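[1] only geometry, no sequence info:
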């Protein structure tokens, strides 16, 4: 692509920048806060329905024909394709999620107000990751307005239900299970300072300990003829798992990191003050390096708990996500590094990230995926989240170049 074509695209992006910012404000005002945990999420909740409608309308306005697809019409993913000439043999998928976390009580402004103060646009989910979704659309708009035909297809994918744990069957997984494919993908979690080449995995679990209820004032409890304290038994479980170490091997994408086992992170038990608790439930979270498996984690836990005499327990998996990584010499990695240096003056690192996201869904299917690259800002999952507006527009310029670099242009 000659330099003057990029100059044309830059001019279009600059001309559309005020409109792009207004569209991002509309996305922030379209509420999509997700209250669910991964085990309680439902396809009928309608959490992202308003957001999907706003996105679909804007895609139609720029000349694309979106498809709404999902396990339920109440919770649709949105997909649109900018058709290329198919002479490159490549397809690039841009992927992001429409849901957000629930708003913190510590917000000092309206989390849905999309307030602009100086160079910052504030709003719930604006950085994670509504700004990236707007970048997708306005990168495509610039290419359309410039009259550029790409050498391969550009897929814009807007997914539901990522926030409860990056393991939903209703979002990106649903799309991949129903025909979505690509030769590479960018999951545009925020931040320009790292071209994220993978993420650690996770195993979340629930342990239920069963006891026997009894009235604390009864003679049977006094004589220990009836009743077994499930919360006290959970204390034995906590002690048994306290120093559990997960074996892990060093990985190039995660320098200095290791697998981490945390238990308990949440405990629930007991019914009334004067009743011996018959059940106690505790939850745990494990962060995993490449090579760790679900069977391995379950085995490590059961090995310790099965030694506790008389323990009546069950172990339930809430989710398992594998740790994933791609090579630093993947073309899309090098393209993003070069273009970020050129546009933003930043030389990004190329490492994996700690928290996982939908990137593993692509990589585990053999599709190399960037697991994080998007606009800069702060406050993800916290109060007063914001995106830096100059970074928001610069990221659009970077994406347009990366799309052309990867897919090529039809002759």
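    Sure, I can see it. Only a predicted model underlies this, so the values are computations on that prediction, with no experimental measurement involved. Numbers count the residues shown, from 1 in each chain.
[2] give me the distance between the lowest-mean-pLDDT helix or strand in the chain and the centre of its chain.
    Averaged element by element with mean pLDDT, DSSP states H and E, the chain has its least confident helix or strand at helix 3-15 (a mean of 89). Put simply, helix 3-15 sits 31 Å off its chain's centre (CA atoms, centre = their mean, to the nearest Å).
[3] and stretch 50-70, what's buried?
    Neighbour counts using 16 or more other CB atoms under 10 Å place 51-52, 54-56, 58-59, 62, 64, 66, 68-70 of stretch 50-70 among the buried residues. For the C-beta atoms, the positions are set from N, CA and C on the backbone; glycine is no exception.
[4] what's that stretch in contact with?
    23, 26-27, 30-32, 43, 76-82, 98-99, 133, 137, 140-141, 144, 156, 158, 160, 170, 174-175, 178 (CB atoms under 8 Å, 6 or more residues apart in numbering).
[5] buried subset of the residues you listed?
    Buried members of the contacts of stretch 50-70, counted by 16+ other CB under 10 Å: 23, 26-27, 30, 32, 43, 76-82, 98-99, 133, 137, 140-141, 156, 158, 160, 170, 174-175.
[6] which members of those occur in strands, if any?
    Under the assignment DSSP state E, these contribute 77-82, 156, 158 to strands.
[7] from residue 236, how far out is residue 214?
    Note on residue 214: its distance to residue 236, by CB to CB, to the nearest Å, is 19 Å.
[8] with neighbour numbers in mind, choose between the two.
    Ranked by neighbour count (other CB atoms under 10 Å), residue 214 and residue 236 place residue 214 first, with 20 against 17.
[9] need the contact list for the more buried one.
    220-221, 226-227, 275-276.
[10] can you tell me the closest non-neighbouring residue to it?
    Closest residue to residue 214 apart from its sequence neighbours, by CB to CB, 6 or more residues apart in numbering: residue 227 at 2.9 Å.
[11] counting contacts, what elements does the top helix by length along the chain pack onto?
    Of all the segments of type helix in the chain, defined by DSSP state H, the longest one is helix 389-407. Using 3 or more CB pairs under 8 Å, 6 or more residues apart in numbering; DSSP states H and E, the elements in contact with helix 389-407 are helix 3-15, helix 17-29, strand 91-97, strand 120-122, helix 131-145, strand 153-159, strand 184-187, helix 331-344.
[12] which stretches of the chain have low pLDDT?
    Across the chain, the ranges flagged by pLDDT under 70 are 1-3.
[13] domains of it?
    Using automatic domain parsing, the domain ranges for the chain come out as 3-199+323-407, 201-321.
[14] winner for burial among those?
    Among these, domain 3-199+323-407 has the highest mean neighbour count (mean count of other CB atoms under 10 Å), at a mean of 20.
[15] can you give me the strands for the stretch 201-350 of the chain?
    201-210, 214-215, 260-269, 275-276, 279-288, 313-321, 324-325 (DSSP state E, counting those that start in this stretch).
[16] distance to residue 8 added to those, as JSON lines?
    JSON lines is the format used below for the strands of the stretch 201-350 of the chain (distance: least, CB to CB, whole Å):
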{"stretch": "strand 201-210", "distance to residue 8": "43"}
{"stretch": "strand 214-215", "distance to residue 8": "79"}
{"stretch": "strand 260-269", "distance to residue 8": "49"}
{"stretch": "strand 275-276", "distance to residue 8": "74"}
{"stretch": "strand 279-288", "distance to residue 8": "45"}
{"stretch": "strand 313-321", "distance to residue 8": "42"}
{"stretch": "strand 324-325", "distance to residue 8": "37"}
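[17] between these, which gets nearest to residue 5?
    strand 324-325 (33.8 Å; CB to CB).
[18] what packs against the closest one?
    Where contact means 3+ CB pairs under 8 Å, 6+ apart, strand 324-325 is packed against strand 198-199, helix 359-363.
[19] next one: the residue nearest the centre of the chain relative to residue 194, how far apart?
    For the chain, residue 357 is the residue whose C-alpha lies nearest the centre (CA atoms, centre = their mean; 3.4 Å). Distance, residue 357 to residue 194, using CB to CB: 13 Å.
[20] any common contacting residues for the two?
    residue 372.
[21] hmm, residue 305 and residue 208 touching each other?
    No: contact criterion CB atoms under 8 Å: residue 208 and residue 305 do not qualify, at 11.5 Å.
[22] identify the contacts common to those two.
    residue 313.
[23] what sits against residue 162?
    Residue 162 is in contact with 97, 99, 168, 171-172, 357-358, counting by CB under 8 Å, 6+ apart.
[24] tell me the contacts of the residue nearest to residue 380 when sequence neighbours are not counted?
    Using CB to CB, 6+ apart and skipping residues adjacent in sequence, the residue nearest residue 380 is residue 128, 4.5 Å away. Residue 128 is in contact with 100-101, 189-190, 380-381, 385, counting by CB under 8 Å, 6+ apart.
[25] which residues touch the residue of the chain positioned farthest from its centre?
    The C-alpha centroid of the chain is most remote from residue 219, which lies 53.9 Å away (CA atoms, centre = their mean). Going by CB under 8 Å, 6+ apart, residue 219 touches residue 225.
[26] for it, give its distance to residue 154.
    75 Å.
[27] the residue lying closest to residue 301 once chain neighbours are set aside pairs with what?
    In this structure, residue 301 finds its nearest non-sequential neighbour in residue 315, 6.0 Å apart by CB to CB, 6+ apart. Beta-bridge partners of residue 315, counted by DSSP bridges, are residue 207.
[28] thought residue 315 was touching residue 305?
    Yes: the pair residue 315 / residue 305 is scored as a contact, 7.4 Å apart, by CB under 8 Å.
[29] between these two, which contacts overlap?
    Listed as contacting both residue 315 and residue 305 by CB under 8 Å, 6+ apart are residue 207.
[30] tell me who's in contact with residue 49.
    Contacts of residue 49 by CB under 8 Å, 6+ apart are 74-76.
[31] if we go to 7 Å?
    Applying CB atoms under 7 Å, 6 or more residues apart in numbering, we find residue 49 in contact with 74-75.
[32] do you know how far it is from residue 99?
    Applying CB to CB, the value for residue 49 to residue 99 is 11 Å.
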